Each structure stands twice: as C-alpha cells, then as structure tokens.
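[1] Here is the input, now give the coordinates:
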Amino acid sequence: MIKKLIAPLLLFVVMVGILATIVVVGFVMMMTIFMSDDEYADDESLGIMGGNVVCSANGKVDKTAWNGFWDSDNANNLKGYGDLVLEHSKSVGIDPVLATAVMMQESGSGKFTSKNNPGGIMDWDNNFKTKRQFATMDDGIKYVIENLGRRILNDGLVSIEELGSKYAPIGAANDPQGLNKNWVPGVTGFVGQLGGLTMNCSEVAGGLSAGSVEIKGDIAWVVPETKRITSRYGPRSCSGCSSFHRGIDVGGAGRTGHAIVSMAKGEVIRAHTGCALNNSWGCGSGFGNHVYVKHEDGTVSRYAHLSAVNVRVGQKVGAGQLLGLLGNSGNSTGPHLHFEVLPDGQTQIDPYPIFQSKGLLP
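    Below is the predicted model of the structure:
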C-alpha cells in the first residue's frame with residue numbers, strides 16, 4: 001500500500017521539479033534580453049532625480065562640493081578621479097560639472113565601470129555589440145569626456161535635454177523598460193550635487209531668480225512659486241496618509257521642479273538623496289529626498305519629498321537660499337513639499353502661524 005502511494009508521489013515531485021526548472025530558465029532568459037551588455041544597465045534608483053537646471057552662482061566650479069563628491073564613497077569605483085576629470089574637461093573645452101554628471105548617470109553613480117568603461121561606450125570594432133574595453137580607467141574617463149565634447153562642440157548639443165536625446169532617446173528600441181526617461185532628471189540631479197553648471201547655463205533652478213523669494217524680516221516663504229496649501233497641520237483623514245499631520249503640505253499642482261528655499265538662516269544638518277522621483281515608498285524613512293536645516297535659535301526645519309537636493313551637510317544657508325526642488329519621492333501620492341518646524345529639534349509644531357505672523361500667509 002505504501003509503495004503504491006510513493007510511486008505517484010515521486011512522479012508528482014519530478015513533474016514539479018521540471019516545471020520549476022522551466023520557470024527559472026525562462027526568467028533568466030527574459031532578464032538577459034532586457035539587460036544590456038555586461039552588468040551595465042539603467043536603474044531608476046541610480047542617480048539623484050532632478051528637476052530644472054542649476055547654474056553655478058559665480059560660473060566657477062564649487063571646489064568644496066566638487067572635492068566632497070569625488071573624494072566620497074558616493075563616487076564608488078570612480079572615487080579619487082576628480083582631478084583628472086577637472087583637468088581633461090578643461091583641456092577639451094567642456095564643463096567639468098556636466099562631464100561628471102553624464103559620467104555618473106551613465107555608470108550608475110560609478111558602480112558599473114567594467115572594462116575601465118565608465119560611460120557605457122560601445123565597441124565600434126565589433127559593430128557596437130558589446131562595451132568597449134579601455135586599457136586603464138584613466139583612458140576610459142578621458143574617452144568619455146572627449147566623446148561628450150564632440151556632442152557639445154561639434155554637434156551643438158548644449159543643454160542636458162539635447163544631450164539626453166542623443167544618449168538616452170525616449171522610446172528607443174533598445175530601451176524596452178522605458179528607463180531612458182530617467183536620464184535627464186538623473187544628470188540634472190548630479191549637477192545640483194556638484195554646485196551647478198559652469199558653462200552654457202542660463203536657466204535657474206525651479207524658476208528661482210533675484211527678487212522672486214519673499215522674505216519678511218528673518219523668515220522666507222519656502223516655495224516661492226506657489227502658496228497652495230493642500231494639507232494643514234493636525235488631525236486629518238485620507239487614504240494612505242497619517243491620521244495626524246505634523247507639518248504643512250505645499251502642492252505643486254501636479255508638477256515637480258519648483259524651487260524649495262530655506263525658511264531662515266542656518267546650517268544644513270541632513271541632506272538625504274538617492275530616492276527615485278516616483279514610486280519610492282519608504283525611501284528616506286518615507287520623507288524621500290529631504291533636507292534638515294538647523295537655525296540659529298536651535299529650531300530645525302524639514303523639507304521632504306524633493307526631486308533634487310542642492311545642498312550638502314555642513315553648508316551654511318541664508319533665508320530664501322535654494323535647498324532643492326519640489327518632488328514626489330518617498331511616501332508621496334503627488335508632487336508637493338512636506339514642511340515641518342521643530343523648535344527643540346524633536347517635536348513638531350504648526351508652521352502656518354510662523355508665516356502668518358510675518359504676513360507671508362493669510
């Protein structure tokens with residue numbers, strides 16, 4: 001009796017094993033089709049999601065931001081190559097900030113650099129079927145910069161958007177997952193981290209320009225482009241949100257990229273980046289890309305769900321100074337700024353009366 005039961009049981013186990021093998025093999029084949037050569041492939045989490053172009057305040061490379069970026073582990077396999085990029089970009093005649101941003105986007109923040117190829121350059125000797133092998137990382141970096149120089153100086157592709165149409169055209173046949181849409185915001189985000197473009201830059205972050213920031217006394221309104229409050233501080237009832245809202249939400253009217261500025265003078269004590277522009281629930285503890293500023297009286301202000309962060313920890317900021325761009329990262333169901341004020345650095349209070357008392361809100 002037992003043998004009669006075991007025989008069909010063994011047959012069932014064998015059949016299940018065969019089916020599992022077919023499923024695994026099929027999955028591997030499908031992933032092979034969708035992944036590009038070697039380990040190089042775009043990922044929505046690679047790069048910092050950006051919005052509008054950020055220009056350098058004085059047209060020069062911000063050395064503090066530059067060295068802080070290239071000498072940190074955030075550069076991954078490209079850590080320590082900042083001097084080479086700076087010197088070779090200048091010799092070619094292009095913006096080293098733009099060269100860095102493109103290289104970092106193409107290499108997934110310096111993670112994918114096999115074959116000493118940090119730019120995803122395809123091999124022309126085998127009909128562009130695989131990545132090009134360079135003798136050294138120095139050679140690979142130099143070629144990436146020279147190739148970008150040809151696009152800018154010879155082809156006239158000056159803006160990030162124009163370069164994106166060449167490097168990562170949306171709807172391209174070799175982009176079945178539609179990841180090319182992340183190229184422009186990704187490059188823009190890296191530009192913001194590095195302190196802004198130093199050449200061919202006339203656009204200002206989030207529409208921010210002289211006189212556009214409203215400051216009353218020592219307090220600035222935090223979203224110069226809009227005062228559309230979509231959720232106040234206190235109890236609330238909505239699907240997928242907290243029952244008690246510990247700040248105010250300033251809506252972006254369905255659009256990311258509005259400038260976000262500091263409420264008052266202070267020092268950046270937290271600048272979290274790395275969350276995708278959309279669908280990054282839980283990233284940054286739900287705040288997404290965010291910035292904390294500690295003000296002179298010990299008060300801390302928080303700016304959450306950003307699409308780009310344009311400051312670094314330890315940086316001194318003034319009232320109305322650009323911190324980042326409005327976005328939809330983290331636990332967010334639409335583009336907005338979640339703004340909090342913590343007088344003791346621990347407990348939130350209603351920020352609305354602060355602005356109201358200065359005549360910045362009705």
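
[2] Residue 183 - that's part of a strand, no?
    No - secondary structure assignment (DSSP: H, G, I helix; E, B strand; the rest coil) places residue 183 in helix, not in a strand.

[3] so who does the closest residue to residue 350 other than its chain neighbours touch?
    Beyond its immediate neighbours in the sequence, the residue positioned closest to residue 350 (Cβ to Cβ, 6 or more residues apart in numbering) is residue 233, lying 3.9 Å away. All C-beta atoms are positioned from the backbone trio N, CA, C, and that covers glycine. Residue 233 makes contact with 245-248, 348-352 under the criterion Cβ atoms under 8 Å, 6 or more residues apart in numbering.

[4] Same list as before, the residues you listed that is, but in JSON lines and with secondary structure and neighbour count included.
    Putting the contacts of residue 233 into JSON lines (DSSP: H, G, I helix; E, B strand; the rest coil; neighbours: other Cβ atoms under 10 Å) gives the following:
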{"residue": "245", "secondary structure": "strand", "neighbour count": "19"}
{"residue": "246", "secondary structure": "coil", "neighbour count": "17"}
{"residue": "247", "secondary structure": "coil", "neighbour count": "23"}
{"residue": "248", "secondary structure": "strand", "neighbour count": "23"}
{"residue": "348", "secondary structure": "coil", "neighbour count": "16"}
{"residue": "349", "secondary structure": "strand", "neighbour count": "16"}
{"residue": "350", "secondary structure": "coil", "neighbour count": "16"}
{"residue": "351", "secondary structure": "coil", "neighbour count": "22"}
{"residue": "352", "secondary structure": "helix", "neighbour count": "19"}
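
[5] The residue nearest to residue 350 and residue 348, how far apart?
    8 Å (Cβ to Cβ, to the nearest Å).

[6] where do the contact lists of these two overlap?
    Counting by Cβ under 8 Å, 6+ apart, the residues touching both residue 233 and residue 348 are 246-247.

[7] returning to that earlier point: wait, which of the contacts of residue 233 is closest to residue 126?
    Looking at these and their distance to residue 126, the nearest is residue 247, at 55.2 Å (Cβ to Cβ).

[8] Quick one: residues contacting residue 168.
    42, 175, 180, 182-184.

[9] How far does stretch 185-199 sit from its chain's centre?
    Using Cα atoms, centre = their mean, to the nearest Å, the mean C-alpha position of stretch 185-199 is found 10 Å from that of the whole chain.

[10] Pull that stretch out as PDB, backbone CA atoms only.
    Included here for stretch 185-199 are C-alpha records, laid out as PDB according to Å, rounded to 0.1, in the frame of the first residue of the first chain:
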ATOM      1  CA  PRO A 185      16.500  64.200 -14.300                       C
ATOM      2  CA  GLY A 186      19.300  62.000 -13.200                       C
ATOM      3  CA  VAL A 187      22.000  64.100 -14.900                       C
ATOM      4  CA  THR A 188      20.300  67.300 -13.600                       C
ATOM      5  CA  GLY A 189      20.400  65.900 -10.000                       C
ATOM      6  CA  PHE A 190      24.100  65.200 -10.200                       C
ATOM      7  CA  VAL A 191      24.600  68.800 -11.500                       C
ATOM      8  CA  GLY A 192      22.800  70.000  -8.400                       C
ATOM      9  CA  GLN A 193      25.000  68.000  -6.000                       C
ATOM     10  CA  LEU A 194      28.100  69.500  -7.600                       C
ATOM     11  CA  GLY A 195      27.000  73.100  -7.200                       C
ATOM     12  CA  GLY A 196      25.700  73.800 -10.700                       C
ATOM     13  CA  LEU A 197      26.800  74.100 -14.300                       C
ATOM     14  CA  THR A 198      29.700  76.500 -15.000                       C
ATOM     15  CA  MET A 199      29.100  76.800 -18.800                       C
END
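
[11] Let me see the mean pLDDT of it.
    Over the span of stretch 185-199, the pLDDT mean works out to 82.

[12] and if you look at stretch 348-362?
    In this model, stretch 348-362 has a mean pLDDT of 97.

[13] Which parts of this structure belong to which domain?
    What automatic domain parsing lists as the domains of the chain is 63-193, 206-357.

[14] which stretch in these has the least confidence?
    domain 206-357 (a mean of 88).

[15] How far away from the center of its chain is it?
    Chain-centre distance of domain 206-357: 16 Å, with Cα atoms, centre = their mean.

[16] now do stretch 94-110
    The gap between the average C-alpha position of stretch 94-110 and the chain average comes to 13 Å, counting by Cα atoms, centre = their mean.

[17] same check, this time on stretch 184-192
    Using Cα atoms, centre = their mean, the distance between the centre of stretch 184-192 and that of its chain works out at 6 Å.

[18] And stretch 151-166, by the same measure?
    The chain centroid and the centroid of stretch 151-166 are separated by 21 Å, computed with Cα atoms, centre = their mean.
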